[in-house]
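In: this is a predicted model, with the sequence first.
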Amino acid sequence: MNQAPAISLVVQAKRKAENGVDYSPRHGARCPWCSRKTATYCTRPWEGPARIRFHRCTNSACVLSSMGVSIKSLEADQND
Ligand SMILES: [Zn+2]
């Protein structure tokens, strides 16, 4: 077996990061690769019922973190 993570899994996680993961007001956004809580570095204003944020994974052992991939998150207003 290959020691490195399968490329297709990395591509999948990267695509998820680009398309947007769910944002929880309580838990924030989790990294699509390592599932850890990410650090928010950009918060956009509300646009209609949704708000976009950008995060970075701070886990130094994480593939997305080592590639410098930014993770997009989507928060939807549940009360709308
Ligand atoms: Zn990660």
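Out: Noted; the coordinates are in hand. Numbering: from 1, shown residues only.
In: nearest residue to residue 31 other than its sequence neighbours?
Out: residue 57 (4.1 Å; CB to CB, 6 or more residues apart in numbering). In this view, the C-beta of every residue, glycine as well, is placed from N, C-alpha and C.
In: can you check residue 45 too?
Out: residue 51 (7.3 Å).
In: my read is that that neighbour contacts residue 29, right?
Out: No. Using CB atoms under 8 Å, residue 51 is not in contact with residue 29, being 11.5 Å away.
In: identify the bridge partners of the residue nearest to residue 45.
Out: residue 75 (DSSP bridges).
In: next up, the contacts around residue 52.
Out: Counting by CB atoms under 8 Å, 6 or more residues apart in numbering, residue 52 touches 20, 44, 72-75.
In: how far off centre is the longest helix along the chain?
Out: In the chain, taking DSSP state H as the definition, the longest helix is helix 7-19. Distance of helix 7-19 from the chain centroid (CA atoms, centre = their mean, to the nearest Å) equals 10 Å.
In: hmm, residue 56 is touching residue 42, no?
Out: No. Residue 56 is not in contact with residue 42 according to CB under 8 Å; the separation is 9.7 Å.
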